[in-house]
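Visitor: model this:
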Amino acid sequence: MRINELREMSDEQLELTAREAMDQLFRLRVKSQTEKLETPSEKRRCRRLIARIRTIQTERQRAQQRSGQTEQVAS
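Guide: Just a heads-up that it's a prediction; the model follows:
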């Protein structure tokens, strides 16, 4: 997924996508211990997708905190 596609998602969609990616990463880790993976780079893709999602979530949280602070100052 591209970063722009992720940014267009709602918070709930992002969380669901992150959980799916974490589940897939878990399955890939288990599979890599028991047998050889067809595409070893898939683990890296999952990790990076999770990192991108967490980055977007953090950006949104910080933006909400900033907007909350400016509202308090304006009051």
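
Visitor: alpha carbons only for contacts and neighbour counts from here, please
Guide: Fine.

Visitor: can you read off the pLDDT for E71?
Guide: pLDDT recorded at E71 is 68.

Visitor: swap in L37?
Guide: 89.

Visitor: quick check: which element contains the residue nearest to it when sequence neighbours are not counted?
Guide: Nearest residue to L37, sequence neighbours excluded (CA to CA, 6 or more residues apart in numbering): K31, at 7.0 Å. Using DSSP states H and E, K31 sits within helix 11-34.

Visitor: ok, now A63?
Guide: Residue-wise, A63 maps onto helix 41-74 under DSSP H and E.

Visitor: now swap in E5 and tell me
Guide: Using DSSP H and E, E5 sits in helix 3-8.

Visitor: work out the gap between that helix and the centre of the chain.
Guide: 11 Å (CA atoms, centre = their mean, to the nearest Å).

Visitor: check which helices and strands it sits against.
Guide: When contacts are defined as 3 or more CA pairs under 8 Å, 6 or more residues apart in numbering; DSSP states H and E, helix 3-8 packs onto helix 41-74.

Visitor: run through who's touching stretch 2-9.
Guide: Residues outside stretch 2-9 that contact it (CA atoms under 8 Å, 6 or more residues apart in numbering) are 14, 52-53, 56.

Visitor: center of this protein - which residue?
Guide: I53 (2.2 Å; CA atoms, centre = their mean).

Visitor: for that residue, what are its contacts?
Guide: So I53 contacts 6, 14-15, 18 (CA under 8 Å, 6+ apart).

Visitor: try it again with 7 Å
Guide: Shown in contact with I53 (CA atoms under 7 Å, 6 or more residues apart in numbering): 14, 18.

Visitor: buried stuff in the helix holding E5?
Guide: L6 (16 or more other CA atoms under 10 Å).

Visitor: return the alpha-carbon coordinates of it using PDB.
Guide: Provided in PDB are the C-alpha atoms of helix 3-8 (Å, rounded to 0.1, in the frame of the first residue of the first chain):
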ATOM      1  CA  ILE A   3       1.400   6.100   2.000                       C
ATOM      2  CA  ASN A   4      -1.300   8.200   0.300                       C
ATOM      3  CA  GLU A   5      -3.700   5.400   0.400                       C
ATOM      4  CA  LEU A   6      -3.100   4.900   4.100                       C
ATOM      5  CA  ARG A   7      -3.500   8.600   4.800                       C
ATOM      6  CA  GLU A   8      -7.000   8.500   3.200                       C
END
